[in-house]
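Undergrad: got a structure for you, letters missing:
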Ligand code: NAP
């Protein structure tokens, strides 16, 4: 068990957390960056970033991670289980000990939601995936189903279209909510087939996925699409189970802050995908990490 004191603890080493840790340590603050899983967050699933900087998500995250380490932040591979106030300090309890700090930046990001339909969990890694870049090559010349109508679904459908024979893009609405350039790119691909007003109801197969049952939201009719892969991109849910109830949440469970990213708990800030009102683009992740570190520095009179 380890116990240590810092000026600031940043929870999460995705792009927001790494950016916050980098700026905090550059301001001369002793900084710990705690991450439960792999550093980099959701961006490491992206082989080719959409816009600038160019390159892969892994390159971006590993360069930042290296910078943060070289600047002197403590990178801790631990899971934060609770956050509480203890006099003038905040304590982050982890699976390895307790860390104290004068300020905490919650940048623990979000995970991809699941549909929760029959077969989705059962066929995980046997045809059900949520990483098109990682698993796309396994579906070369085969058919897959992608569920969702936002940026993630369209972006990942475009990745899969590079490998697959057909990508059936199943959306519960009659119009995608994704950004226009993604809608245009999808329209330009002759192997992506939108399936409107339809939801995926069950993933079926034997050893591996063989088909997905769909239900039309209008007439209730069901159809089955033969396919080898199923990818759901239906939005994100925040990773903030450890945050105390006094930090208010919005209807999606995201942490609410004021304009300086301060939560209702004194000294605790939230930034990036865990925060209510987060814009969702990589540029927002960086900007919020930067802003949170500046807000902490200002709190310390810097
Ligand atoms: P999202 O914008 O919340 O879209 C979720 C999609 O899934 C919507 O089309 C929604 O349908 C559908 N959906 C939700 N629940 C469903 C259910 N139970 N059954 C069937 N369909 C369901 O999520 P996202 O696409 O993951 O994007 C999340 C954030 O990340 C956004 O801010 C986005 O801009 C950002 N993002 C950015 C990039 C990039 O910068 N390149 C890439 C990916 C994501 P309705 O439309 O009917 O509500």
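TA: Yep, it's here. Small disclaimer: the values here were computed from a predicted structure and weren't measured.
Undergrad: Might you report the residue contacts of the closest residue to residue 288 other than its chain neighbours?
TA: Nearest non-adjacent residue to residue 288, counting by CB to CB, 6 or more residues apart in numbering: residue 271, 3.9 Å away. Glycine gets a C-beta too; all of them are placed from N, C-alpha and C. Neighbouring residues of residue 271 by CB atoms under 8 Å, 6 or more residues apart in numbering: 16-17, 20, 105-107, 261, 278, 288-289, 291-292.
Undergrad: could those residues go into a markdown table alongside neighbour count?
TA: Formatted as a markdown table, the contacts of residue 271 follow (neighbours: other CB atoms under 10 Å):
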| residue | neighbour count |
| --- | --- |
| 16 | 34 |
| 17 | 31 |
| 20 | 35 |
| 105 | 32 |
| 106 | 34 |
| 107 | 33 |
| 261 | 26 |
| 278 | 22 |
| 288 | 28 |
| 289 | 29 |
| 291 | 19 |
| 292 | 33 |
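Undergrad: quick one: which of those residues is nearest the ligand?
TA: Each of the contacts of residue 271 was checked against the ligand using CB to the nearest ligand atom; the closest is residue 278, at 7.2 Å.
Undergrad: Would you agree that closest one is in contact with residue 255?
TA: No: with contact defined as CB atoms under 8 Å, residue 278 does not reach residue 255; the gap is 9.7 Å.
Undergrad: residue of the stretch 51-200 of the chain with the smallest distance to the ligand?
TA: Closest approach of the stretch 51-200 of the chain to the ligand (CB to the nearest ligand atom) occurs at residue 150, with a separation of 2.5 Å.
Undergrad: That residue: what's it in contact with?
TA: 176-178, 233-235 are the contacts of residue 150 under CB under 8 Å, 6+ apart.
Undergrad: what subset of these is also close to the ligand?
TA: Among these, the residues that sit close to the ligand (CB under 6 Å from any ligand atom) are 177, 233-235.
Undergrad: Top of these by number of neighbours, please.
TA: For those, the largest neighbour count, defined by other CB atoms under 10 Å, is 23 neighbours, found at residue 233.
Undergrad: Do I have it right that it meets residue 146?
TA: Yes: Residue 233 is within contact range of residue 146, at 6.6 Å (criterion: CB under 8 Å).
Undergrad: Now the common contact residues for these two.
TA: Counting by CB under 8 Å, 6+ apart, the common neighbours of residue 233 and residue 146 are 153, 156.
Undergrad: who touches whichever strand or helix holds residue 3?
TA: Assigned by DSSP states H and E, residue 3 falls within strand 2-11. Residues from elsewhere that reach strand 2-11 (CB under 8 Å, 6+ apart): 17, 20-21, 24, 29-34, 73-74, 80, 83, 89-90, 92, 96-108, 242, 293, 296, 300.
Undergrad: of the residues you listed, buried ones?
TA: When the contacts of strand 2-11 are checked for burial by 16 or more other CB atoms under 10 Å, the buried set is 17, 20-21, 24, 29-34, 73-74, 80, 83, 89-90, 92, 99-108, 242, 293, 296.
Undergrad: So which of those residues belong to helices?
TA: Of the buried ones among the contacts of strand 2-11, the ones assigned to helices by DSSP state H are 17, 20-21, 24, 293, 296.
Undergrad: how about the residues of the stretch 1-150 of the chain near the ligand?
TA: 50, 115, 147-150.
Undergrad: Are any of those residues buried, and if so which?
TA: Among these, the ones that count as buried by 16+ other CB under 10 Å are 115, 147-150.
Undergrad: Can you get me a residue count around residue 36?
TA: Using other CB under 10 Å, residue 36 has 18 other residues around it.
Undergrad: Tell me the pLDDT of it.
TA: As predicted, residue 36 sits at a pLDDT of 94.
Undergrad: Any regions of the stretch 201-302 of the chain where pLDDT drops low?
TA: Filtered on pLDDT under 70, the stretch 201-302 of the chain yields no residues whatsoever.
Undergrad: Contact residues of it facing the ligand?
TA: Residues of the stretch 201-302 of the chain lying near the ligand by CB under 6 Å from any ligand atom: 233-236, 280-282.
Undergrad: Identify the farthest-apart pair in the residues you listed.
TA: Every pair in those was compared (CB to CB); the two farthest apart turn out to be 234 and 282, at 20.5 Å.
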